[in-house]
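[1] Give me coordinates for this.
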Amino acid sequence: MESWREQYLGVDALPTSLTHAQIEYFFQPAEHMLPYVSSRRRPLTSLGLLLHIGFLRMTGRPLAAFERIPPGILEFVANHAGIPAPQIATLRAIYRRRMTLFAHQRLAAEAIGWRSAEDGVLRMLTAFLRRQAETQISRPDLIRQARRWLYDRSYVLPGARLLERLAAAAQDHALEGLRSEIEAAVGAELTGSWS
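    You can find the predicted model right below:
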């Protein structure tokens, strides 16, 4: 992943400051995604799916219905959906049914070949974070590395709380290992008097 893209990992809203080149990079549908988009019955739901795909490619997270859509992104995506840019502020105007929103979130992941991070993947992520915590103890840095690890392996990013919990557990594991090494070197009695 290019370093300029890392700033968007895990964000939960569409940035208003994207350049046209960045909008094109994230929201331009690839050829293999077009069958998913054309399978939608209404042009407005095709537009919604394109927004979901672009947001997932940009942030690694699913797009929520209440997110504001910047006009530049809306115009670009509407052009690819084959409709004039609608006058909507959020995705709520597109989705009459909440289930359609969830279906589009799943379909966007499928269109770009991503999957959910299940328990086995989270165990591998935990092992990765424990190794990272041996040299990098900063929790925000561990969370950033977890997001990148998941993104690079095409997993939809889980919620911020879960990543925070995994990073905290990795920190605790590293600190416990350090405490054990210090106790082995100088003795438990002496280290107990330090605290």
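[2] Without its sequence neighbours, what residue ends up closest to the residue nearest the centre of the chain?
    For the chain, the residue sitting closest to the mean C-alpha position, by C-alpha atoms, centre = their mean, is residue 60 at 2.6 Å. The shortest distance from residue 60 to any non-neighbouring residue, by C-beta to C-beta, 6 or more residues apart in numbering, is to residue 157 (4.1 Å). (C-beta placed from N, C-alpha, C; glycine too.)
[3] Test my guess that the residue nearest to the centre of the chain contacts residue 156.
    Yes - Residue 60 lies in contact with residue 156 (C-beta atoms under 8 Å); the separation is 6.7 Å.
[4] what domains does the record give for this structure?
    As assigned by the TED database, the chain contains the domains 3-113, 119-192.
[5] hang on, the residue nearest to residue 60 packs against residue 56?
    No - using C-beta under 8 Å, residue 157 is not in contact with residue 56; the gap is 9.2 Å.
[6] Which neighbouring elements make contact with the strand or helix carrying residue 123?
    Residue 123 belongs to helix 119-133 when assigned by DSSP states H and E. With contacts taken as 3 or more C-beta pairs under 8 Å, 6 or more residues apart in numbering; DSSP states H and E, helix 119-133 sits against helix 139-152, helix 160-186.
[7] tell me the angle it makes with helix 139-152.
    Compare the direction of helix 119-133 with that of helix 139-152 by axes from the mean of the first three to the mean of the last three C-alpha atoms, to 10 degrees and you get 140 degrees.
[8] Output helix 119-133 as PDB, restricted to C-alpha atoms.
    The C-alpha coordinates for helix 119-133 follow below in PDB (Å, rounded to 0.1, in the frame of the first residue of the first chain):
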ATOM      1  CA  ASP A 119     -11.700 -15.800  14.600                       C
ATOM      2  CA  GLY A 120      -8.700 -17.500  12.900                       C
ATOM      3  CA  VAL A 121      -7.700 -14.300  11.200                       C
ATOM      4  CA  LEU A 122      -8.000 -12.400  14.500                       C
ATOM      5  CA  ARG A 123      -5.700 -14.900  16.200                       C
ATOM      6  CA  MET A 124      -3.100 -14.300  13.400                       C
ATOM      7  CA  LEU A 125      -3.500 -10.600  13.900                       C
ATOM      8  CA  THR A 126      -3.100 -11.000  17.600                       C
ATOM      9  CA  ALA A 127       0.200 -12.900  17.100                       C
ATOM     10  CA  PHE A 128       1.400 -10.200  14.600                       C
ATOM     11  CA  LEU A 129       0.500  -7.400  17.200                       C
ATOM     12  CA  ARG A 130       2.400  -9.200  19.900                       C
ATOM     13  CA  ARG A 131       5.500  -9.300  17.800                       C
ATOM     14  CA  GLN A 132       5.100  -5.700  16.900                       C
ATOM     15  CA  ALA A 133       4.600  -4.700  20.500                       C
END
